[in-house]
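J.: this one's sequence-less:
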């Protein structure tokens, strides 16, 4: 045997032995690695799905809270508009706000076919909606009101006058609807006098039958409670949809109960903000539950949203059941404590992931149930793919080393491309997302961590959009609150009056107001709700409505007015918040001023000394009682009357003025404020206000504003 042959055989033996050993070791290592990889991917995908579910439900909970606050503030604005209408002298409605009695044959003009729902026609059948967003529809609820020969002419006259007054509400309805961006189904007002109007206007006549809004729960409960009321799901008589109603009472100028104004939200739209991945959305169960007597009552779910339901039959609320009651109790306990999370347990005979949001005692919270099989389907598919690939790879090791080497090179090249191409796709989607394109997506189907990362990037756009929506809702809340503050002061020959509020957040708890009372008297109010943000702003709006509803009848009794407001706030806030307030009445007929204060810093009266005009005297108008909303039946005393003379200056402010601090933490202080007022006593009220505000802002410098600043300046002319 030649040396060449031996050398060849030796090389062949070395290659074959090496390939055999390599194949055995490679086979064992590959099987072990594939099994570990499959388990790791399964754990990663399940963990990522759990985190994603918690984030989705938690974002939905926060959005729902913000939406609830925005809707309640919008309803307060609507109620204010209704009460303004009821206070006006009735006149013929203009074309822009014309209303028609349903039951007539006339059709509303300027029809806009933009309603996304169906409504019932005169025969009770659901048909394509045909409504007008520039008109209202009106009902006369009592049959004798439609008869001109009605024996009860006084009642009929009252109803017709109220109907004419409400005809001017169309623009207010439209403004509120435009700001809420499609959340509303109907806006309406029902009066005890027998008038019902709703918006947008319906063009198909609807026979009322035995339907009387005054018997619906949204009316009876709002009337009974005297405050904002959220109803359980009911069936809308017009559309047949399941709706949730938000309502509150309205009053005539004399303080007597007039009726209820409200809004309907389509219950089916409540879960629109709950953005689940497409694969989960079709198979998941979404519901809103509330704890009740140890059980979870389902307030809303898809089975409640059946069209053509009878409005006369209440929606049957179901109880959430599980074969693992101890886990259901665990969900309830954690949700009530404000901790969202995910737990695994069966649902309708199938293992599932239950994601629950943060709630509070007696408050509803969302639950989303996704079958486990849907969440782990990608992990199982990836595992099968890895297993099949492993056996194919093991078979390929039997080929010649050269062929194996070529295949490895080719596979390596392709694998590298499979990795770099998805990374580039993810990078491009992230770049678009950073520029504000929330619809940017990375379409990747690699079945591994890169696909999971792409899902995270894709879901981020929806979350960013939700946050932008929340910011927009907060902007609406800010605009609504600013509309509650007076834009101009009452005109008076004797008094030059200005006021202002500067909030440290988008919304605040400070408030000031001017009211023109009987005999040309002028009411001045300023208040400071404890805390900052949406909660105090909402309480402030409620406080304003209560003050304005009683001020006219108590122009000479400020102490009794504060007593009424104290009782109202105890009922409204439950003792969790309090309000410091100052209320005074200027009488131009005898140049006197009376006041009563509830825990508020004393108002200041500056006047020149009669004997020495160069000397400025400063008098404090002392506080006369405890803050509102702390104890029942406190004693509020009336201050004054004090006689005012030309040149006198009255300043009423909140502590945000003198407690403003600079970068070193030093407060602005009352001495500095008093010195500025002495120097400015001969200026106009507006000039004094601007000078004081400028001084406070310059003193604060670059430091953030930490408290609301509110003041009212009165200069006696």
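T.: In hand now; what should we look at? If you're wondering where the values come from, they're calculated on a predicted model, not measured in any experiment.

J.: scan the protein for its longest helix.
T.: Here the longest helix in the chain is taken by residue count, with DSSP state H as the criterion, and it is helix 3-86.

J.: I'd say residue 555 and residue 517 touch.
T.: Yes. Using CB atoms under 8 Å, residue 555 is in contact with residue 517, at 4.1 Å. Glycine gets a C-beta too; all of them are placed from N, C-alpha and C.

J.: overlap of the contact sets of those two?
T.: Shared between the contact lists of residue 555 and residue 517 (criterion: CB atoms under 8 Å, 6 or more residues apart in numbering) are residues 523, 585.

J.: against residue 546, how distant is residue 622?
T.: 25 Å (CB to CB, to the nearest Å).

J.: which of the two has more residues huddled nearby?
T.: Higher neighbour count among residue 622 and residue 546: residue 546, with 17 against 12, using other CB atoms under 10 Å.

J.: OK, contacts around the more buried one?
T.: Residues in contact with residue 546, defined by CB under 8 Å, 6+ apart, are 564, 565, 568, 569.

J.: apply 6 Å and report the result again.
T.: Each residue near residue 546 by CB atoms under 6 Å, 6 or more residues apart in numbering is listed here: 565, 568.

J.: angle of the strand or helix carrying it against helix 3-86?
T.: In this structure, residue 546 is located in helix 534-551 according to DSSP states H and E. Angle of helix 534-551 versus helix 3-86, following axes from the mean of the first three to the mean of the last three CA atoms, to 10 degrees, is 10 degrees.

J.: could you give the mean pLDDT of helix 534-551?
T.: Averaged over helix 534-551, pLDDT sits at 84.

J.: who are the packing partners of the helix or strand following it?
T.: Scanning forward in sequence from helix 534-551, with DSSP H and E defining helices and strands, the next element found is helix 558-573. Counting contacts by 3 or more CB pairs under 6 Å, 6 or more residues apart in numbering; DSSP states H and E, helix 558-573 is packed against helix 534-551, strand 592-598.

J.: 8 Å instead, please
T.: In terms of contact count using 3 or more CB pairs under 8 Å, 6 or more residues apart in numbering; DSSP states H and E, helix 558-573 is assigned the packing partners helix 534-551, strand 579-587, strand 592-598.

J.: other residues contacting whichever helix or strand comes after the shortest one?
T.: Same thing as strand 592-598. Toward the C-terminal end, the helix or strand that comes next after strand 592-598 (DSSP H and E) is strand 603-608. When contacts are taken as CB under 8 Å, 6+ apart, the neighbours of strand 603-608 outside the stretch itself are 582, 584, 595, 597, 614-621, 642, 645, 647-652, 674, 677-678, 681.

J.: ramachandran coordinates for residue 648?
T.: phi -60, psi 150 (degrees, to the nearest 10).

J.: residues near it, how many?
T.: The criterion is other CB under 10 Å. On that basis, residue 648 has 22 neighbouring residues.

J.: I'd like the distance between it and residue 624.
T.: According to CB to CB, residue 648 and residue 624 sit 20 Å apart.

J.: got it, and residue 238?
T.: From residue 238 to residue 624 the distance is 52 Å (CB to CB).

J.: residue 616 reaches residue 649, doesn't it?
T.: No. Taking CB under 8 Å as the contact criterion, residue 616 and residue 649 are not neighbours in contact, 9.0 Å apart.

J.: pull up the overlap in contacts between the two.
T.: Between them, residue 616 and residue 649 have 606, 607, 681 as joint contacts when contacts are counted by CB under 8 Å, 6+ apart.

J.: got a markdown table for these, with distance to residue 656 too?
T.: Conversion of the shared contacts of residue 616 and residue 649 to a markdown table gives the following (distance: CB to CB, whole Å):
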| residue | distance to residue 656 |
| --- | --- |
| 606 | 20 |
| 607 | 26 |
| 681 | 23 |
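
J.: from the contacts of strand 603-608, which land in strands?
T.: Those of the contacts of strand 603-608 mapping onto strands are 582, 584, 595, 597, 616-621, 642, 649-652, per DSSP state E.

J.: buried ones only from those residues, please, as a PyMOL command.
T.: Selection of buried members from those for PyMOL, criterion 16 or more other CB atoms under 10 Å:
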select buried, resi 582+584+595+597+616+621+649+650+651+652
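
J.: can you list contacts of stretch 561-575?
T.: For stretch 561-575, the external contacting residues (CB under 8 Å, 6+ apart) are 227, 539, 542-543, 546-547, 550-551, 554, 577-579, 581, 583, 596, 598, 625, 628-630, 632-634, 636.

J.: swap the cut-off to 7 Å and go again
T.: 227, 539, 542-543, 546-547, 550-551, 554, 579, 581, 583, 596, 598, 625, 628-629, 632, 634, 636 (CB atoms under 7 Å, 6 or more residues apart in numbering).

J.: model confidence over it, on average?
T.: Mean pLDDT, computed over stretch 561-575, is 86.

J.: and stretch 377-392, by the same measure?
T.: Here stretch 377-392 scores 71 as its mean pLDDT.

J.: among the contacts of stretch 561-575, which ones are buried?
T.: Applying 16+ other CB under 10 Å to these, the neighbour count classes 539, 542-543, 546-547, 550-551, 554, 579, 581, 583, 596, 598, 625, 628-629, 636 as buried.

J.: I'd like the distance between residue 395 and residue 33.
T.: According to CB to CB, residue 395 stands 17 Å off from residue 33.

J.: out of these two, which sits in the more crowded spot?
T.: Per other CB under 10 Å, whichever of residue 395 and residue 33 has more neighbours is residue 33, with 12 against 9.

J.: ok, which stretches of the stretch 301-450 of the chain are strands?
T.: 318-319, 341-347, 350-356, 365-371 (DSSP state E, counting those that start in this stretch).

J.: same thing with the stretch 101-250 of the chain?
T.: For the stretch 101-250 of the chain, the strands defined by DSSP E, counting those that start in this stretch occupy 118-120, 126-128, 131-132, 136-140, 186-191, 195-199, 201-202, 229-230, 234-235, 242-251.

J.: residue 292: which of these is closest?
T.: Checking the strands of the stretch 101-250 of the chain against residue 292 by CB to CB gives strand 229-230 as the closest, at 15.0 Å.

J.: and the strands of the stretch 101-250 of the chain as JSON lines, adding distance to residue 591?
T.: Converted to JSON lines, these look like this (distance: least, CB to CB, whole Å):
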{"stretch": "strand 118-120", "distance to residue 591": "60"}
{"stretch": "strand 126-128", "distance to residue 591": "66"}
{"stretch": "strand 131-132", "distance to residue 591": "53"}
{"stretch": "strand 136-140", "distance to residue 591": "47"}
{"stretch": "strand 186-191", "distance to residue 591": "42"}
{"stretch": "strand 195-199", "distance to residue 591": "44"}
{"stretch": "strand 201-202", "distance to residue 591": "52"}
{"stretch": "strand 229-230", "distance to residue 591": "46"}
{"stretch": "strand 234-235", "distance to residue 591": "57"}
{"stretch": "strand 242-251", "distance to residue 591": "33"}
